[in-house]
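Trainee: need a structure here:
(one chain, ligands or ions: 3)
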Amino acid sequence: MTKLLVVGKTGQLASALNQLSPDFSLACHTIGRPEVDLFDEQGVFDAILAEKPSVLVNAAAYTQVDTAETDQKKAYAVNQHAVRQMAEAAKVLDIPFIHVSTDYVYDGQKQGSYLESDPTNPQGIYGHSKLAGEQDALATHDKVIILRTAWVYSAIGKNFVKTMLNLAEIKDSLGIVADQKGNPTSALDIAQAIFKIIIQITDNGWQSSYSGLYHLAGTGDTTWFGLACKTFALYSQKTSNKIPEVSAITTADYPTPAKRPENSCLNCQKLEDTFGIRLPNWEQSLEKCIHQLVES
Ligand SMILES: NC(=O)C1=CN([C@@H]2O[C@H](COP(=O)(O)OP(=O)(O)OC[C@H]3O[C@@H](n4cnc5c(N)ncnc54)[C@H](OP(=O)(O)O)[C@@H]3O)[C@@H](O)[C@H]2O)C=CC1
Ligand SMILES: Cc1cn([C@H]2C[C@H](O)[C@@H](COP(=O)(O)OP(=O)(O)O[C@H]3O[C@@H](C)C(=O)[C@@H](O)[C@H]3O)O2)c(=O)[nH]c1=O
Ligand SMILES: [Mg+2]
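Mentor: Numbers count the residues shown, from 1 in each chain. Ligands and ions are numbered 1, 2, ... in the order given. Below is the predicted model of the structure:
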């Protein structure tokens, strides 16, 4: 039986992997704080070797985009140095390592959606540190799959969708940026895709053609303003709770410490061609998430 080890316990993706693993008949174990802290590089390496998994997935990261600007050391420790240790451990065990990265490795200036072969140019420390982690993982071990995803939301954990619903309780109006475009992605959809990839690796054995970068994001794109509007539209269909008035603003109207890409839409064709996986439309998965939030 495939023995999957997930680094990360309480985050959006780690929770989704945990939740869905029984559907895929996998033994799935998660490690994270307080037992395993990613600031302790040797501890991470040792913990993975002690577990002896047959596949390693990293679902942990330093994800606070704005805080990273002033907390650079921690961002690089988690997003680069710990990732290198995971790749080193996977190399020693000779097992596949599936690592998750971000659309924020791009500068957002491309017209149209990004291909994996497009140049990267992160605009902030979070994106820089994630890119450094990708590069270290690929340089360390052959059996590495990097999945760049985007705009992740889930009923569990912190994300933009839940921020909007929390703000609804305290605000009558909101201004949301309408000049940043991307692909909202459900954590449950990412988890399901990761399991499908693992099943193919198990069934076919590792193929050298699997190695490398893949985009994995919800189908269809929108702006943060569009995502906020859809969130409130779905929410008001399911509850009688009040929703705020939402207005479209520009990036200049909403200054933040970290610069975000204007257009980070991801072309996910390579993933479909290699593994036959295509994620659902973002609106369809968002509806499921809002349903879960309303029911809980
Ligand atoms: N969230 C998003 O919008 C996007 C995320 N991604 C990527 O997807 C992946 C999953 O992200 P997501 O699930 O949203 O992340 P979350 O922010 O929800 O969770 C991050 C996880 O990392 C763990 N972690 C952080 N620092 C440490 C540390 N020092 N030691 C141990 N564990 C640590 C956290 O643990 P604890 O609970 O103890 O803090 C938490 O479990 C990441 O690689 C991220 O970069 C990519 C694009 C968009
Ligand atoms: C709360 C709020 C945000 N915004 C803007 C700020 C920003 O441009 C945009 C999104 O805000 P957030 O800070 O929630 O999103 P952000 O933390 O930038 O989300 C990113 O997280 C990392 C981890 C990733 O990898 C990315 O793919 C992406 O999901 O919305 C408003 O315009 N109005 C508001 O009231
Ligand atoms: Mg954030």
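
Trainee: right, is stretch 188-204 up against ligand 2?
Mentor: No: applying C-beta under 6 Å from any ligand atom, one finds stretch 188-204 separated from ligand 2 by no less than 11.7 Å. Placement of C-beta: from N, CA and C, glycine included.

Trainee: Correct me if wrong: residue 228 contacts residue 175.
Mentor: No: taking contacts as C-beta atoms under 8 Å, residue 228 lies outside contact range of residue 175: 9.8 Å.

Trainee: if I look at these two, which residues touch both of them?
Mentor: Shared contacts of residue 228 and residue 175 (C-beta atoms under 8 Å, 6 or more residues apart in numbering): residue 246.

Trainee: quick one: stretch 279-290 near ligand 1?
Mentor: No: Stretch 279-290 does not reach ligand 1 (C-beta under 6 Å from any ligand atom); its nearest approach is 12.8 Å.

Trainee: mean confidence for that stretch?
Mentor: Averaged across stretch 279-290, the pLDDT comes to 98.

Trainee: do stretch 106-119 as well
Mentor: Averaging pLDDT along stretch 106-119 gives 98.

Trainee: ok so, going back, tell me which of residue 228 and residue 175 has more neighbours.
Mentor: Counting neighbours by other C-beta atoms under 10 Å for residue 228 and for residue 175 shows that residue 228 has the greater number, 28 against 15.

Trainee: residues touching whichever residue of the chain sits closest to ligand 1, list them.
Mentor: Closest approach between the chain and ligand 1, counting by C-beta to the nearest ligand atom: residue 11, at 2.2 Å. For residue 11, the contact set (C-beta under 8 Å, 6+ apart) comprises 59-61, 63, 157.

Trainee: Residue 71 too?
Mentor: Contact analysis of residue 71 by C-beta under 8 Å, 6+ apart lists 62, 64.

Trainee: mind running it again at 10 Å?
Mentor: With contacts defined as C-beta atoms under 10 Å, 6 or more residues apart in numbering, the neighbours of residue 71 are 62, 64, 77, 125-126.

Trainee: now residue 201
Mentor: Residue 201 sits next to 2, 54-55, 95-96, 98, 143, 145, 207, 210, 275 when contact means C-beta under 10 Å, 6+ apart.

Trainee: Tell me the buried residues in the one helix or strand it maps to?
Mentor: Applying DSSP states H and E as the criterion places residue 201 in helix 187-204. For helix 187-204, the neighbour count (16 or more other C-beta atoms under 10 Å) marks 187-195, 197-198, 200-201 as buried.

Trainee: anything in stretch 264-274 near ligand 1?
Mentor: No: interface with ligand 1: stretch 264-274 contributes nothing (C-beta under 6 Å from any ligand atom), its closest point being 9.3 Å away.
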